[in-house]
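> the amino acid sequence is not available; the structure is as follows:
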């Protein structure tokens, strides 16, 4: 009996190893891998580690929308020049498939511009969009359309969007397009190219047949605790509806930017409220994806911020296991592995443990063919 048990265990490990190497695959997995998504929606919870995800289970009265995912993995996000990544190099890994140095926007470790999934999608005739609660020129969204060596080059990043408008963009960042240091009015430039521009209210002048941008704050949008309201879920729904008019499909990146800012501030309430907002946005995206059937949804983060723990509340030197107390180990980023959740065609590719830049290839597979040499 012991010998049979040992053989069974060895066989199980051998099978698992083959699965990781790709040499063995069941027919159902192989069939799923062959599926090609028409649309890809990437949601990035900036600064969102597993503990931040956990707050969506403990601090709201409704079930977390993360429960809707069955394909889950982990990514390691080490940049080329450090052990802990920033948002720029982290997002560049997602957008281009190249690891890079901290601060890099759409360039590799040698500062060479690399094509992004958004750019390849556009070249393939698909529609493209970005939604963020930061400035649209901030590190994560910028890494999908700009190519500069420093995330601090906000005006250069804004110029990249003005020169090559995308189909839908919503977030903050007015000051990088208007009243710039070079006196150029990039809002007027966008309008001259047929883009509908809103700067006061989401959807105020929206026209379904034209590209659309809504820049609703000078820099980042207000936090949820300061009354931002339903901007992120509403803008995300609006983006999906707008982009889904294209029969060829679309790519959309949605960022819950300020989860990270709550971590830097070591503010548990800030994180919890931003996570509730992000969770609601996930729910609306999933409602579309489940009905559509041709959309790959990927949710992850660039890194974890704050070293957040959901500790027990300590009263008079004793731990109260009936109450949770958000505590922090740092005001910066950490090197923790980051969860990845996937749904739809090709979702099984996101299981396991891999590097952050592998996410690019997993999204691209079957979605759009890269142009050689770009």
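Alright, I've got the coordinates. Note that the coordinates shown come from a computational prediction; the quantities given were computed from them, not determined experimentally. Residues are numbered from 1 along each chain as shown.

> ok, the residue positioned nearest the centre of the chain - contacts?
Most central in the chain under C-alpha atoms, centre = their mean is residue 44, positioned 2.1 Å from the mean C-alpha point. If a contact means C-beta atoms under 8 Å, 6 or more residues apart in numbering, then residue 44 has 91, 94, 140, 253-256, 299-302 as its contacts. Where C-beta positions appear, they are placed from N, C-alpha and C, glycine not excepted.

> Three-state assignment for the closest residue to residue 256 other than its chain neighbours, please.
Nearest residue to residue 256, sequence neighbours excluded (C-beta to C-beta, 6 or more residues apart in numbering): residue 278, at 3.6 Å. When states are read from DSSP: H, G, I helix; E, B strand; the rest coil, the local structure at residue 278 comes out as helix.

> buried residues in stretch 316-326?
Across stretch 316-326, burial judged by 16 or more other C-beta atoms under 10 Å covers 324, 326.

> what's that stretch in contact with?
Under the criterion C-beta under 8 Å, 6+ apart, residues 55, 58-59, 268, 271-272, 308-314 lie in contact with stretch 316-326.

> mark which of the residues you listed are buried, thanks.
55, 59, 268, 271-272, 308, 310.

> related to what we said a few turns ago, how about a markdown table for the contacts of stretch 316-326, with pLDDT added?
Supplementary listing: the contacts of stretch 316-326 in a markdown table, determined by pLDDT from 0 to 100:
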| residue | pLDDT |
| --- | --- |
| 55 | 98 |
| 58 | 97 |
| 59 | 97 |
| 268 | 98 |
| 271 | 98 |
| 272 | 98 |
| 308 | 98 |
| 309 | 98 |
| 310 | 97 |
| 311 | 96 |
| 312 | 95 |
| 313 | 93 |
| 314 | 91 |
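
> closest one to residue 234 out of the residues you listed, please.
Minimum separation from residue 234 among these (C-beta to C-beta) is found for residue 272, which lies at 20.4 Å.

> what strand or helix carries the closest one?
With the criterion set as DSSP states H and E, the secondary-structure element containing residue 272 is helix 268-292.

> what packs against that helix?
strand 39-45, helix 50-58, helix 231-243, strand 250-256, helix 258-264, strand 295-300, strand 318-327, strand 338-343 (3 or more C-beta pairs under 8 Å, 6 or more residues apart in numbering; DSSP states H and E).

> let's see it at 6 Å
Under the contact criterion of 3 or more C-beta pairs under 6 Å, 6 or more residues apart in numbering; DSSP states H and E, the helices and strands touching helix 268-292 comprise helix 50-58, helix 231-243, helix 258-264, strand 295-300.

> closest to residue 78 out of the ones you listed?
Residue 78 lies closest, by C-beta to C-beta, to one member of the helices and strands packed on helix 268-292: strand 295-300, at 15.2 Å.

> mind listing residues that contact the next helix or strand after that closest one?
Downstream of strand 295-300, the first helix or strand assigned by DSSP H and E is strand 304-305. Among residues not part of strand 304-305, those counted as contacts by C-beta atoms under 6 Å, 6 or more residues apart in numbering are 47, 49, 260, 263-264, 333-334, 336.

> now swap in stretch 212-227 and tell me
With C-beta under 6 Å, 6+ apart as the contact definition, stretch 212-227 has outside contacts at 133-135, 168-170, 172-175, 195-199, 202, 206, 228, 258, 273-274, 277.

> list the buried ones in that stretch?
In stretch 212-227, residues buried by neighbour count (16+ other C-beta under 10 Å) are 212-217, 220-221, 223-224.

> what is the neighbour count of the nearest residue to residue 270 once chain neighbours are set aside?
The spatially closest residue to residue 270, leaving aside those adjacent along the chain, is residue 262, at 3.2 Å (C-beta to C-beta, 6+ apart). The burial metric for residue 262, expressed as a neighbour count using other C-beta atoms under 10 Å, is 26.
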